[in-house]
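**Student:** predicted structure and sequence below. I'll ask about it afterward.
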Amino acid sequence: MTLTLTACGDDGGPSVTDTANITTINPTGPGMTTSGVDEPTTGTTAPSGTMGDSESATEPTGTTADVTATGTTTDDTATTTDDTATTTDDTATTTDGPSSTSDDTTTGNNGTSGDNPDDCQAPATQPPCDEAGDDIFKAIGLNCSDNPAMAIPIKNPVIMAPDTSSYRVATHFGTAKDPMDPNQWAWAPKEGSRFLVIGSGTFPNLEADGGLVEQNGQDSQSNGNPDDLNQLPGIMHHEVGSNNGAGGTPFMNCDGVHDCSDTISNQWNGIGAGVANDVFYMSFDLDVPQGTHGYLLDFVYFTEEWPNYVNASVNDMLIVWSTSETFTGNVTFIDEQPLTVTALDPYMTILPGDPLLAGTGFPGDGEGAATGWYTAKGSAAPGESFTLAISVFDLGDTVWDTVGIIDKFRWDCMGCVPNEVDSCGIRPQ
C-alpha cells in the first residue's frame, strides 16, 4: 500500500492536502461560535493546504479522503505495545513515569472471528500514515484510509484557526533528549513519525528535521486566531450539563448540549474571566466500530502561566469535547477539574529550569511548566456516530501562552463509564 502526501511547506505550516473538504471557520466578533447557539459563522477559503469551501461547522458536507496508508504496524495490545517513542514495553518507565494504560484494550478483531455481536471490531492493526505528511488529522492517528478495518476514518473535519502559525505537525518538540535514551528526543511522537502541536500563541517554522524548536520568550505573544469569545468555540459549552442541565450530578443525565462533567463552568467564570482569546479549534466526526465502547488520546500540557497565575483570572484551557450518546461534554478532566493552569497546579511535574523544557520556548526563569504525557479516556456507544472537538485558548489575556501536544488517537474496546470514579478522564503515563 502506498500514500502520497505533501511535505511541510516553506512557511512551516501544515497543509491538509489529503483530507477532503475540510471546513475552515473564522469567527470575527465577540461570542461568535460554530455551535449553533449564536449565528453560525462562515469564513473565507481555508488556509493554505486546507480543502473545501467555507461552511458552517454544524453542517459541513465533507467526505473522508480515500487514501491508503504506509508505515510500520504498531502492536497496541493490552500487554505489549510500542506506546512511547523511547520504550517498547507499555508498563516500562518512560521519561514521564510508569504508564497507567495497562487496561488499554485497543485491539479488536475487525469482526473476523467469533459470532458475538459484542466482539470489538476496532482495527486489529493500524499502520501510521504521517511519515511524510503534515496533515493534522493523520498526525494524531486519524483518517489514514477509509477502511475501518485498518484505520480510523473521519468525516466532516473542521479547522478553526486562520492563523496557521498556531499549530504545527512536528517530529519532536524542543531540543531535550530522553534521559533514558540520549539517542531519542524527550518529546517525540507516541505513534508514527509526527504529532500535532497546538497553542494559544505562534510557532516558528519547523527545523530541517521537522522538529519544532522555540527560543525563550516565544511563548508570550498573541496570534491571529479569534479573540473576545464569550462562549466556548464550536460545539463546546461551559455551562453545566448534568441533571438535565441543572447540574449537581456530574456525568449523569446529560442534557446532550452542555458540559455533563460540570467541570468547566467554575474555571471559566468563577476563576477565569469568561473571555477566550487566540482560540485554536478543530473537530471531526467518528463512526464507532461495533463492540467498541470508548477511545483514548495522548497529550501534554505546557503553560507559561505557571505558577504566577494559579487561582487567577488568567487561566488558559485545553479541552477535548465529546458529543457521544454516552456522554456530552469535557472529557479531559482530573479530580473533577478541567485542564487549566489553576486546576493542574498539583500536576505540573516538569518545572521551570527542568532540562526537559529546553527548546520549548518556556524560559526557565521561574515561569513555565508542563505535566508530562497524559492519556485521556472517553466513552462511546458501539455503532454510533459522534463528534470530537479539541481546543486551546488564552482565557482572560492574550499574552501568556499555553501549548498542547496531541497524539495517538485509538479506539478502546472496553471503554469507561463516565459516572464511575476514576473510570473516564485523564491519567498520567
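**Tutor:** Okay, I see it.

**Student:** from now on I want contacts and neighbour counts done on CA atoms only, so please keep to that.
**Tutor:** Will do.

**Student:** shaky segments in this structure?
**Tutor:** The model of the chain has pLDDT under 70 over residues 1-118, 217-220, 363-366.

**Student:** so which residue is dead centre in it?
**Tutor:** Ile406 (4.5 Å; CA atoms, centre = their mean).

**Student:** surely it touches Phe302?
**Tutor:** No: applying CA atoms under 8 Å as the test, Ile406 and Phe302 come out as separate, 11.7 Å apart.

**Student:** now do the helices in the stretch 151-300 of the chain.
**Tutor:** Shown for the stretch 151-300 of the chain, the helices assigned by DSSP state H, counting those that start in this stretch span residues 264-265.

**Student:** can you map out the strands along it?
**Tutor:** With strands called from DSSP state E, counting those that start in this stretch, the stretch 151-300 of the chain shows them at 155-160, 167-170, 177-178, 181-185, 195-199, 276-287, 294-303.

**Student:** return the most buried member of those.
**Tutor:** strand 167-170 (a mean of 30; mean count of other CA atoms under 10 Å).

**Student:** now do that strand: which elements does it pack against?
**Tutor:** strand 195-199 (3 or more CA pairs under 8 Å, 6 or more residues apart in numbering; DSSP states H and E).

**Student:** 10 Å - rerun?
**Tutor:** Strand 167-170 sits against strand 195-199, strand 402-412, with contacts defined as 3 or more CA pairs under 10 Å, 6 or more residues apart in numbering; DSSP states H and E.

**Student:** nearest to Val392, out of the ones you listed?
**Tutor:** Between Val392 and the helices and strands packed on strand 167-170, the shortest gap by CA to CA is with strand 195-199, which sits at 6.2 Å.

**Student:** show me what counts as buried in stretch 410-422.
**Tutor:** Arg410, Trp411, Asp412, Cys413, Met414, Gly415, Cys416, Val417, Pro418 (16 or more other CA atoms under 10 Å).

**Student:** any idea which of the residues you listed is closest to Asp316?
**Tutor:** Pro418 (24.5 Å).

**Student:** could the buried residues of stretch 410-422 be laid out in TSV, adding distance to Asp287?
**Tutor:** Shown next, in TSV, are the buried residues of stretch 410-422 (distance: CA to CA, whole Å):
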residue	distance to Asp287
Arg410	13
Trp411	11
Asp412	13
Cys413	14
Met414	16
Gly415	15
Cys416	18
Val417	19
Pro418	20
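
**Student:** sorry, back to before: can you tell me the closest non-neighbouring residue to the residue nearest to the centre of the chain?
**Tutor:** Phe299 (4.6 Å; CA to CA, 6 or more residues apart in numbering).

**Student:** same check on Gly199?
**Tutor:** Val403 (4.2 Å).

**Student:** and the gap between the one you found and Ala369?
**Tutor:** Plainly put, Val403 is 10 Å away from Ala369 if you go by CA to CA, to the nearest Å.

**Student:** between these two, which contacts overlap?
**Tutor:** Tyr301, Phe302, Thr303, Glu304 (CA atoms under 10 Å, 6 or more residues apart in numbering).

**Student:** ok, the last one to Val310 distance?
**Tutor:** Pointing back at Glu304 there. Taking CA to CA, one finds Glu304 at 11 Å from Val310.

**Student:** looking at these two, which is more packed in?
**Tutor:** Higher neighbour count among Glu304 and Val310: Glu304, with 27 against 17, using other CA atoms under 10 Å.

**Student:** any idea how far the more buried one lies from Gln290?
**Tutor:** 42 Å.

**Student:** ok, Asn266 next?
**Tutor:** 36 Å.

**Student:** the two: who's more crowded?
**Tutor:** A side-by-side neighbour count of Asn266 and Gln290, using other CA under 10 Å, places Gln290 first with 20 against 16.

**Student:** isn't Trp187 right up against Ser193?
**Tutor:** No: between Trp187 and Ser193 there is no contact under CA atoms under 10 Å: 11.8 Å.

**Student:** for Val341, which of the helices and strands packed on strand 167-170 is the nearest?
**Tutor:** strand 402-412 (8.9 Å).

**Student:** which one of the buried residues of stretch 410-422 is nearest to Phe251?
**Tutor:** When these are ranked by distance to Phe251 (CA to CA), Pro418 comes first, at 5.5 Å.

**Student:** the closest one sits in which helix or strand?
**Tutor:** When elements are assigned from DSSP states H and E, Pro418 belongs to no helix and no strand.

**Student:** so it makes contact with Phe327?
**Tutor:** Yes: with contacts counted by CA under 10 Å, Pro418 reaches Phe327, the gap being 7.1 Å.

**Student:** could you name every residue contacting both of these two?
**Tutor:** Phe251, Met252, Cys260, Ser261, Gly378, Ser379, Ala380.

**Student:** got those residues as TSV, with distance to Glu207 and neighbour count columns?
**Tutor:** As requested, the shared contacts of Pro418 and Phe327 are exported to TSV (distance: CA to CA, whole Å; neighbours: other CA atoms under 10 Å):
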residue	distance to Glu207	neighbour count
Phe251	43	24
Met252	47	19
Cys260	41	33
Ser261	40	31
Gly378	34	29
Ser379	37	28
Ala380	38	29
